[in-house]
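Trainee: prediction below, plus the sequence it came from.
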Amino acid sequence: MADLKSKFLKVYSVLKSELLEDPAFDFTKDSRQWVERMLDYNVPGGKLNRGLSVIDSYQLLQQGRELTEDEIFLASALGWCIEWLQAFFLVLDDIMDGSHTRRGQPCWFRLPKVGMIAVNDGVVLRNHIPRILRKYFREKPYYADLLDLFNEVEFQTASGQMIDLITTIEGEKDLSKYSLSIHRRIVQYKTAYYSFYLSVACALLMSGEELEKHIDVKNILVEMGIYFQVQDDYLDCFGDPETIGKIGTDIEDFKCSWLVVKALELCNEEQKKVLHENYGKPDPENVATVKALYKELDIEGVFADYESKSYKKLTSWIEGHPSKAVQAVLKSFLGKIYKRQK
């Protein structure tokens with residue numbers, strides 16, 4: 001795995017060098033330096049799970065056949081396209097949320113001299129993806145499918161972000177809008193497609209498969225993505241900031257979090273009043289009151305129950321899939337996220 005990760009990081013260096021010499025734009029010394037610094041700060045800093053999953057998935061779909069260097073490079077390039085997409089979303093997401101930290105360091109837009117230039121940097125990051133795809137996949141029979149896939153997933157993610165933002169409009173803090181079905185919709189579109197489906201879809205296309213024939217795989221991965229986000233919501237409140245690399249602000253930000261939705265389902269009228277009065281307020285006392293209510297309702301226990309039921313349900317769906325290779329891909333995903341701490 002360490003070897004794979006170091007190979008993967010080498011591909012990042014190759015792609016970055018090529019983008020900094022892209023013939024479509026005449027770089028100045030300053031602009032080249034800016035883009036390089038912006039890329040190094042935002043693209044390779046995370047866990048790289050989404051990107052590495054393309055290589056893992058493609059390898060598993062080949063059922064034991066050793067991959068050629070060219071195949072590893074192409075799978076890595078697609079993996080990096082997903083990491084670029086993630087960087088684009090996160091740079092803009094942090095601005096919209098007014099966040100302070102990301103991956104254990106200040107958000108890009110918080111850096112001196114960056115500020116709102118970060119908005120354009122996000123657009124640049126997004127535009128690097130078709131440049132990479134064009135260079136390496138233009139002659140492949142699945143090139144159009146790849147472009148379609150990235151465009152569709154980006155559209156789904158942006159639409160999910162929109163539902164999230166309009167559900168939490170400033171000055172309209174109304175908890176009665178929040179429900180499990182709204183939470184599920186936000187998560188399905190905002191997170192599940194790009195974080196789970198996209199990696200496997202890239203590997204399937206590289207393997208010569210047609211995505212229309214794998215709707216069941218998409219559905220299982222979307223369910224897995226929803227489970228992953230529920231874990232994220234849980235870790236935002238109960239996780240260790242040192243471990244997860246950020247300070248959770250879902251309570252202050254009035255987020256439609258799984259925790260608040262479950263709390264609303266479980267609490268009595270008096271507790272509901274406490275939640276309405278304290279949720280979405282920046283004061284640490286209000287936040288502490290909400291967390292105390294979560295403890296009172298045993299939200300941690302409710303989550304543990306949800307986690308074990310989700311794991312059983314997903315495992316039985318995966319085992320029902322006719323292809324052993326696809327089963328291996330899906331089991332590998334589930335294994336990576338079950339009971340994660342970050």
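Mentor: Perfect, I can see it now.

Trainee: show me the strands in this protein, by range?
Mentor: Along the chain, the stretches classed as strands by DSSP state E are 101-102, 105-106.

Trainee: where's the residue nearest the centre of the chain relative to Val222, distance?
Mentor: Using C-alpha atoms, centre = their mean, the residue of the chain that lies closest to the mean C-alpha position is Ser195, 4.3 Å off. Computed as C-beta to C-beta, to the nearest Å, the Ser195 to Val222 distance reads 10 Å. Quick note: C-beta positions are derived from backbone N, CA and C, even for glycine.

Trainee: same question for Leu293.
Mentor: Leu293 is 31 Å from Val222, where distance means C-beta to C-beta.

Trainee: can you check Glu152 too?
Mentor: Here Glu152 is placed at a distance of 13 Å from Val222 (C-beta to C-beta).

Trainee: compare the two and say which is more crowded by neighbours.
Mentor: The residue with more neighbours, out of Glu152 and Val222 and counting by other C-beta atoms under 10 Å, is Val222; that gives 19 against 14.

Trainee: wait, doesn't the more buried one sit right on Phe196?
Mentor: Yes. In this structure, Val222 is within contact of Phe196 by C-beta atoms under 8 Å, at 6.9 Å.

Trainee: which residues in the stretch 1-150 of the chain form helices?
Mentor: Residue ranges of the helices in the stretch 1-150 of the chain, as given by DSSP state H, counting those that start in this stretch, are 2-19, 29-42, 49-61, 69-97, 117-137, 143-167.

Trainee: ignore what I typed, I meant the stretch 151-300 of the chain.
Mentor: Under the criterion DSSP H, counting those that start in this stretch, helices of the stretch 151-300 of the chain are mapped to 180-187, 198-206, 215-238, 241-244, 258-266, 269-278, 284-296, 299-319.

Trainee: compare these and give me the one nearest Leu20.
Mentor: Distances from Leu20 to each of the helices of the stretch 151-300 of the chain were compared using C-beta to C-beta; the shortest belongs to helix 198-206, at 24.0 Å.

Trainee: can you give me the angle the closest one makes with helix 69-97?
Mentor: Using axes from the mean of the first three to the mean of the last three C-alpha atoms, to 10 degrees, the interaxial angle of helix 198-206 with respect to helix 69-97 works out to 150 degrees.
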